[in-house]
Every structure is written in C-alpha cells, then in structure tokens.
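S.K.: Give me the fold of what follows.
(one chain, ligands or ions: 2)
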Amino acid sequence: MATQARTIFIGGEWSAARSGASLDVRSPIDGEVFGAISRGEKSEIDHAVQAARAALAGPWSTMAGFERGRIMSRLSALILEQVEELAQLEARDTGKPITQARTDIRATARYFEFYAGAADKILGDVLPFLDGFQVTVQREPRGVCGLIIPWNYPASMFGRTIGPALATGNTVVLKPAEDASMSCTRLTALAHEAGVPVGVINLVTGLGEEAGAALSQHPDVDFLSFTGSPEVGTLIQTAAAKNHVPCVLELGGKSPQIVFDDADFDNAAKTIVGVITQNAGQTCSAGSRVLVQRSAYERFVALLAQKMSDVRVGAPQADLQCGPVINRTQQTKVQGFIERARAGGVEVIAQGSLDGSAVETGYFVTPTLFGPVPTDHELAQDEVFGPVLAVIPFEDEAEAVAIANGTAYGLVAGLWTENGARQMRVAKKLRVGQVFINNYGAGGGIELPFGGVKRSGHGREKGLEALKEYTVAKTIVLKHG
Ligand code: NAI
Ligand code: MG
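M.R.: Ligands and ions are numbered 1, 2, ... in the order given. Next comes the predicted model:
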C-alpha cells in the first residue's frame, strides 16, 4: 500500500488525490518502490482545468512578453542551480545513466532559456489589402493547454511543452506519465518559486486511462499536446475532434540511418550505436534501422558490430552507455522482439553486455544488432523502443529511399554520405520531419523544429515553430477610408 502522496499542484496548492489514492513509484534500476505519486483522476482534472481557465484572465496573459520572459529565465537559472539533484532524481526514476540525466536537465533549462528569449518576439503581420484598409494578423494564445507527456524524457518534455506554452501566454494542465513523474513535480515547484503566477502551471499526476483520458476529453481545454504511443495518439485525436480543438501529436518512429559506401564509417558507426543505446533505445527519434549500401555492407557492418559489442549496460551510477528500460512491461516487450527475431532465423550480428551493476531485479535488456533483416520483418517495420538495431542492405539511392520511406512512420532520418549532391537529393525525397546529414541528433537541439508525418504524428514542437502551434492567428481588418 503506497503512502499518501501530495503530488497534485492546482491553483498554487499541493494536494493528494481526493480519493486518497496513490501509486507506487518503482525504480527501473532494481524494481524497488522508492516513492509515491497521487492518483489524480477526473475530479482533479476538472479542478485543474478550472484553475488554468481562471488564470487566463491575468496576470500571465496580460503581462508584457519581456516580463514573462524574465520569469522563465529565472526558472531556467533555478534548474541549472539544481542540475545535480534533478539529475539524480531523473536517473532513479527512469534508470538513465547519470551523464544522460544531467544532459536532459540542462536541456530542460535550455528550453526555458530559449522560450524566455522568444516571449517578447511573438510577431504578427501587416497585410497589403484594399485601399483604405489596414489589416493586421496577430498571434494570440490558445488558452488552456492540456499536455500529456511520456516517461522517456520527463524533465525535458516538461520544458519542451511548457516553454512555448508559457512564452505565448497560455496556461497549462500537465499530466506526466505514471512511470516517471518525479522530476515534473520538482520542476513545477521551481516554476512556482521562479514567480510563475498561481494557476498558470497545474500538474495532475495519475494514470493515462484516468487523468490522461479526462484531460484529453475535457470540454474546456483549448489545445492538446501529446507524445507517446500511436494507439493513445488515436484516442487523443478522437477526443480532440469531439471537442473541436487542435492537437499536436508526436508518436514515435522507425527512423532510418542510411549509410552510403562513401560515408565516414567511423563517425557513422559510433553515432548510430550511440543513438540506439542512448536512453536504452527509448527515444522516439532513435535511428532503429541501419540501411547499408551493399558495396560497403561487410566493411561497415563489421565496424557497427564492434561498437555494439563495446556497449556496456548498467545502473545509472555506473554511468555506462546504456541503462535499464522503464518497466517490466517494456522489458518484456523488447525481449519479445529479440526472441521472435532469433526464433525466426534473423542473425544476431553482435550484442552488448551487462555490467555487474545490472541486477536481476532491474529492467535490463542486452543491446542487440540484427542483420540482414528483411524489409517486411517486424524489426524493420515496428517501433521496438529498446536498444535493438536492424541492419538492412540496399543497392542504390532509389532503393535506399524506397526502403527508408517504406514504413508507416516518418519522424527522422540520418544520411551518411560525403557526396554533396546526393545529400540534398536524398534529403528531399525522405518523408520525415527532420533529416540529419553526417550527424544525428536524437532528442537534441532545442532550436530545431521537431515532429513527424504519417504515423509519427503531426504538428511541430521545439524551435520557433512551436510558437505557431501554441498560438492562433487573428486577422483584424480596419477600414479607415
Ligand atoms: P502511452 O502512450 O500509453 O503513454 C504516454 C502518455 O500517455 C503517458 O502520460 C500516459 O499516462 C498517457 N496515456 C496513456 N493512456 C492514455 C489515455 N487513454 N488517454 C490519455 N492519456 C493516456 O505509452 P506507454 O504505454 O507508456 O508505452 C507503450 C509504447 O508506446 C512504448 O513501448 C513505445 O513504443 C511507445 N512510446 C513512445 C513514446 C515516444 O516518445 N514517441 C513515449 C512513450 C511510449
Ligand atoms: Mg499505455
């Protein structure tokens, strides 16, 4: 029985769930319970949406942009002062290696820094129209934003969604993932300390099917942002449709890394293995398919195998390349992919190894490189969300593009070639939201607009693009004669 937690923050007050119910918080490192969160549900969501609605009246939305920016800068500074505490908490809650956790917390601070600087630069347009008219288009806040984020990068998702929402004068209700809410509670407290007014950020911890569903279906929410599985994405979009509100959906991918025979192999192999083992492969933009030109197949795959066998998996404090996955369900899911592929005769090219700190009760998975993987195999089509990499050979540019575009997803692509004309030709043909050429920034780059096409979702977060999502254009036509 969990102890009663007080992790719900509404209208500037911390509280327990009205039902009194809490949920155990388990660490993926050892499966041990180390805390509890409140199990908020519909009544807490109703209350939080009400508080966010009331806060829209001011002072946040009426404050000058630069003043909002100053408060957000203060939040950024507070986060930087507490990088270590926040990183330790994030590592315990998600299992990520401590260096990766520190990087995530610094990224969270960067989101608030970046959007603080944007808060007084939300520009409109003056449009040419008929003689005697003045037409302006201004960007106004959406209103109450419902934000539902996943467990893989909880702190940085807090910044990625709340940063642009706040810069543009909205108020928010955040529902973090039940598997990793701890850093979001700390960050909410820091935002309050930084001077974000009461009711502007409301936090309701709880289960997806309870608090999450209630938030997405709430008739008084003006905008929804969701990152998570495509299945839940469909539920969110259906709820948004019923209430006629817009939504941004970021639903993962099966992102290709395309390696041509003229690539810088060392750099490519190192980056590709680094990206698929970062956060134990639980990154929506992880490059989980490696498309290798046949003429270089043996040479490149040997290098990839070497890098994969060097990967060590362990507890966050051992600070290796790879930690555990988030929970038992995810561990079983990822191991299922590995076992089915083996049983089906797909060759294991290389595997990483478990360190002594990877204890039996933790949710550790051995990173695995498979290949050649047939293009219709589930390892070539489905998101594993674990440290599993599928190698697929291709003949020429046209085939590389066809395979790259041949899944239901379209989030990111990596392109490895020194041929400048080919870089641009292929980049233009890929149906994805981001292309990295001779580098790959899974999760990184606050400045870079991010989001997918097809089953990867729609809408853009990060960068200045996100400001468009969190605002709505109003056209004002004045006839002055
Ligand atoms: P999920 O999609 O169920 O959870 C993501 C968020 O949605 C969490 O905050 C959860 O509480 C909430 N949620 C769940 N059900 C909901 C509902 N009915 N209404 C409203 N909100 C709801 O993802 P889950 O179950 O944790 O992981 C399953 C798979 O989804 C993973 O194995 C992975 O393949 C994928 N995934 C992708 C992510 C990405 O970054 N694109 C992040 C997390 C999961
Ligand atoms: Mg789920």
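S.K.: other SSEs contacting the longest helix anywhere in the chain?
M.R.: Taking DSSP state H as the criterion, the chain has its longest helix at helix 98-118. Contact partners of helix 98-118 among helices and strands, from 3 or more CB pairs under 8 Å, 6 or more residues apart in numbering; DSSP states H and E: helix 65-81, helix 83-94, helix 154-167. In short, each C-beta sits where N, CA and C put it, glycine included.
S.K.: Need the CA coordinates for the longest one. PDB is fine.
M.R.: Put plainly, it is helix 65-81. The C-alpha trace of helix 65-81 is given here as PDB (Å, rounded to 0.1, in the frame of the first residue of the first chain):
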ATOM      1  CA  GLY A  65       6.200  39.500 -23.000                       C
ATOM      2  CA  PHE A  66       9.600  40.500 -21.600                       C
ATOM      3  CA  GLU A  67       8.200  40.100 -18.100                       C
ATOM      4  CA  ARG A  68       7.000  36.600 -18.800                       C
ATOM      5  CA  GLY A  69      10.500  36.000 -20.300                       C
ATOM      6  CA  ARG A  70      12.200  37.200 -17.100                       C
ATOM      7  CA  ILE A  71      10.200  34.800 -15.000                       C
ATOM      8  CA  MET A  72      11.100  32.000 -17.400                       C
ATOM      9  CA  SER A  73      14.800  32.900 -17.400                       C
ATOM     10  CA  ARG A  74      14.600  32.700 -13.600                       C
ATOM     11  CA  LEU A  75      13.200  29.200 -13.900                       C
ATOM     12  CA  SER A  76      16.000  28.300 -16.300                       C
ATOM     13  CA  ALA A  77      18.600  29.600 -13.800                       C
ATOM     14  CA  LEU A  78      16.900  27.700 -10.900                       C
ATOM     15  CA  ILE A  79      17.000  24.500 -12.900                       C
ATOM     16  CA  LEU A  80      20.700  25.000 -13.600                       C
ATOM     17  CA  GLU A  81      21.500  25.600 -10.000                       C
END
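S.K.: packing partners for that helix?
M.R.: helix 98-118, helix 154-167, helix 182-194.
S.K.: just the shortest one next, same as before
M.R.: In terms of contact count using 3+ CB pairs under 8 Å, 6+ apart, helix 83-94 is assigned the packing partners helix 98-118, helix 154-167, helix 182-194.
S.K.: Tell me which of the helices and strands packed on helix 98-118 sits most buried.
M.R.: Ranked by average neighbour count under the criterion mean count of other CB atoms under 10 Å, the helices and strands packed on helix 98-118 are headed by helix 154-167 at a mean of 28.
S.K.: Quick one, which of the helices and strands packed on helix 65-81 gets closest to ligand 1.
M.R.: helix 154-167 (8.4 Å; CB to the nearest ligand atom).
S.K.: I'd like to check the angle between that closest one and helix 65-81, please.
M.R.: 170 degrees (axes from the mean of the first three to the mean of the last three CA atoms, to 10 degrees).
S.K.: The helix or strand following helix 154-167 pairs with which strands, and in what direction?
M.R.: Once the chain leaves helix 154-167, the next helix or strand it forms, by DSSP states H and E, is strand 171-175. The strands beside strand 171-175 in its sheet (DSSP bridges) come out as strand 144-148 (parallel), strand 201-203 (parallel).
S.K.: As JSON lines, those with mean pLDDT and distance to Phe364 would be great.
M.R.: Converted to JSON lines, the strands paired with strand 171-175 look like this (pLDDT from 0 to 100; distance: least, CB to CB, whole Å):
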{"stretch": "strand 144-148", "mean pLDDT": "99", "distance to Phe364": "28"}
{"stretch": "strand 201-203", "mean pLDDT": "99", "distance to Phe364": "30"}
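S.K.: buried set for the longest helix of the chain?
M.R.: Neighbour-count burial for helix 98-118, with 16 or more other CB atoms under 10 Å as criterion, is recorded at 98, 100-116, 118.
S.K.: continuing past it, what's the next helix or strand?
M.R.: Next element after helix 98-118 (DSSP H and E): strand 125-127.
S.K.: and that following strand, what does it pack onto?
M.R.: strand 133-141.
S.K.: got the CA coordinates for the strand it packs on in PDB?
M.R.: Extracted in PDB, the C-alpha atoms of strand 133-141 (Å, rounded to 0.1, in the frame of the first residue of the first chain):
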ATOM      1  CA  PHE A 133      -7.900  49.300 -45.100                       C
ATOM      2  CA  GLN A 134      -5.400  48.300 -42.500                       C
ATOM      3  CA  VAL A 135      -5.100  44.500 -42.000                       C
ATOM      4  CA  THR A 136      -3.100  43.000 -39.100                       C
ATOM      5  CA  VAL A 137      -2.700  39.400 -38.200                       C
ATOM      6  CA  GLN A 138      -1.800  38.800 -34.600                       C
ATOM      7  CA  ARG A 139      -0.900  35.700 -32.700                       C
ATOM      8  CA  GLU A 140      -3.000  35.000 -29.600                       C
ATOM      9  CA  PRO A 141      -2.500  32.300 -27.000                       C
END
